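A.B. asks: Attaching a predicted model along with its sequence, questions to come.
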Amino acid sequence: MLKKWSSRPYVLWSIIFIVVPLVMIIGYSITIKDPITGKLVLSLENFNRFLSPIFIRVFIDSIILAMASTILCLIIGFPVALVLSSMKKSNQNFFLFLLIVPMWMNFLLRTYALRLILGNNGLINKFLTVINFPNIQLLYNELAIMIGMVYNFLPFMILPIYTVLVKIDPLLLDAARDLGADNRRVFTKVILPLSFPGVIAGITMVFMPAMSSFVIPSLLGGNKINLIGNIIEEQFVRMGNWHFGSAVSIILILFILLSMGVMNRYDQQEGENIIW
Amino acid sequence: MSKLIHAKNIIKAYDDNTVVDNVSVWVKEKEFLTILGPSGCGKTTILKILGGFVQPDEGEVIFNDHDITALPPFQREINTVFQKYALFPHMNVFENVAFGLKIKKMKKNIIDEKVKKILELVNLSGYENRLVTQLSGGQQQRIAIARALVNEPKVLLLDEPLGALDLKLRKEMQVELKNMQKKLGITFIYVTHDQEEALTMSDKIIVMNDGIVQQVGTPKDIYNEPANAFVAKFIGESNIFDGIMIDDYLVEVFGRKLKCLDANFEENELVDVVIRPEDFKIVNADEGFIKGKVTAVVFKGVHYEIVVSAEDYVITVHTTKESHIEDIIGLQLTPDDLHIMKKVGELC
């Protein structure tokens, strides 16, 4: 009895905050307001509208940028996780702490701080002036958005990979060496495949927010570069067109679900499963 | 036969703790050597030094007349069966066993054939596609042995490979391992704390304690002629009494002068007298050299373990005849039942 009752608050919570909003978004997305009568009419017009070249372009741009940021996070994050996992335990804790400390700060603040570093009068350009180098435009372009995403989401790549790496039994590495593997092969044949679940989790945790982010592109992209997240924000906040905004959200959700499904399939082939 | 592998005067310390203190280990080709000792005696460290996983502070490892002390593990013709098997969880049985062969870039058909053969040897034919996580402890252990043996090493190191198995399986695997070793003609260096295992399987045993070699010899030597009281106590059960060597072949123990087979001690030297529980003969109360009262009887299956309280001494005796508590019995010994040992500083 207790078991049954104890799950009720959670069920209630998920109904109010997950199921209801989702149903509402679906409801908005498949209706439009008739401009003459002002009544709601069932229609797929919203989805149809998204298929125009402008929005498709934005969608593809968002995927490319999110993917590039994810790959960059992986390239930077994997070696960091590897080094971290091979440190002494006390050092591990210290560096993990350093990694997590920025996450205590507000996400917006951190992104604003990046503007101060990358801006035309920012730290980097001031330094370039001092050493007599020409200034470079760092802010308000794709590069700035990517730097912002990598900076904000990197810990979400490092932590799951690190967690998997520290759990690898060092005896397995000894066993591989014993069977003739040099350091490179120990890495490619044992460490890399065993870290796969962590890599998948990291990719998921970076790609999802990177794909839907709107704060980073609007602060660092200077409204010049629109991503899918900005379009949703724009429709809800400025245009007041919740119907089209919801339709774009649904498309984004379906895309993320699809890509995670593909990842998950790949993951299951490796025999481990930690996300789904 | 010459020494195939010889670790000379190995010293290894972690921080200030010397775990291996001037130990030499050598083994001839096709020999089954066991390093026996209680946990923490340095035996696993020796094995790791032989395998190349740990560098000794001092001493050298000679393999086939070549110094391999600085050689990394992957360049040694030695393979190891690890204590917890260390099978690769992301690979199936075939991939685990074929790991070493694939690294050596062997042809696929040769790998297939070798893996098939070795799985037959360890009685796991047809398990190629199983995940190692789906196997029982005994099966995992066989795969670990197969994975090492398939590389046809000159020397196989085994670090308490049967430690995690239940008694029955352990006994079976002891026999199987010994048969494999004979059949393949590979040199085994086996580390264990189980004296019975060591006695059953080995050609030669090195007994270690506190990082120091206590005795080297055949299982028979070590059981029948333990070099000191530690070995006597560690190998099988023993009664150890204080004695005084009166003269060659004469020792004073239990307050009596008894004949023995040992000589070359100093006059009146204090010694340990070791007597195996099964060597006491139970006779009528007045026929023994000492008489005492039975204070405990424990049935052990094949024999009874009885504790006899005689004068000031407590003696453990193994006998196949049933005795009862409060019985007064006599005990008899022959000179070759008394093993005289020089006193060593401290006993475990």
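C.D. replies: Arrived safely. Fair warning: this is a prediction, and the values are worked out from it, not measured in the lab.
A.B. asks: Tell me which residue of chain B is positioned farthest from its centroid.
C.D. replies: B:D286 (40.4 Å; Cα atoms, centre = their mean).
A.B. asks: Surely that one is in contact with B:G330?
C.D. replies: Yes: here B:D286 lies in contact with B:G330, judged by Cβ atoms under 8 Å, at a distance of 6.3 Å. All C-beta atoms are positioned from the backbone trio N, CA, C, and that covers glycine.
A.B. asks: following the helix or strand containing A:L22, which helix or strand comes up?
C.D. replies: A:L22 belongs to helix A:20-29 when assigned by DSSP states H and E. Sequence-wise, the next helix or strand downstream of helix A:20-29 (DSSP H and E) is strand A:31-33.
A.B. asks: Helix or strand next in line after that next one, which one?
C.D. replies: Under the assignment DSSP H and E, the closest C-terminal helix or strand after strand A:31-33 is strand A:40-42.
A.B. asks: distance between the helix or strand immediately after that next one in the chain and the chain's centre?
C.D. replies: Next along the chain after strand A:40-42, taking DSSP H and E as the criterion, comes helix A:45-50. Remark: helix A:45-50 is offset 26 Å from the chain centroid, using Cα atoms, centre = their mean, to the nearest Å.
A.B. asks: quick revisit: now do the residue farthest from the centre of chain B against chain A, distance only.
C.D. replies: 62 Å (Cβ to the nearest Cβ, to the nearest Å).
A.B. asks: next one: phi and psi at that residue?
C.D. replies: Taking degrees, to the nearest 10, you get phi -90, psi 0 for the backbone angles of B:D286.
A.B. asks: For it, give me its contacts.
C.D. replies: Taking Cβ atoms under 8 Å, 6 or more residues apart in numbering or on different chains, we find B:D286 in contact with B:G330.
A.B. asks: Let's see that with 6 Å instead.
C.D. replies: By Cβ atoms under 6 Å, 6 or more residues apart in numbering or on different chains, B:D286 lies in contact with nothing.
A.B. asks: Okay, and the beta partners of B:H6?
C.D. replies: B:W26, B:I62 (DSSP bridges).
A.B. asks: Just the pLDDT for it.
C.D. replies: Turning to B:H6, the model gives it a pLDDT of 93.
A.B. asks: surely it meets B:V27?
C.D. replies: No: if you go by Cβ atoms under 6 Å, B:H6 and B:V27 don't touch, sitting 7.9 Å apart.
A.B. asks: More neighbours: which of those two?
C.D. replies: More crowded of B:H6 and B:V27, by other Cβ atoms under 10 Å in any protein chain shown: B:V27, with 21 against 17.
A.B. asks: Let me see the confidence value for that one.
C.D. replies: 93.
A.B. asks: Next: A:S90.
C.D. replies: A:S90 is given a pLDDT of 89.
A.B. asks: Am I right that it is in a helix?
C.D. replies: Yes: A:S90 forms part of a helix when assessed by DSSP: H, G, I helix; E, B strand; the rest coil.
A.B. asks: distance of it from B:K30?
C.D. replies: Between A:S90 and B:K30 the distance is 48 Å, computed by Cβ to Cβ, to the nearest Å.
A.B. asks: Then A:N223?
C.D. replies: 80 Å.
A.B. asks: out of the two, which sits in the more crowded spot?
C.D. replies: Counting neighbours by other Cβ under 10 Å for A:N223 and for B:K30 shows that B:K30 has the greater number, 15 against 11.
A.B. asks: Let me know whether the more buried one touches B:K183 as I believe.
C.D. replies: No: B:K30 lies out of contact with B:K183 (Cβ under 6 Å); the separation is 11.0 Å.
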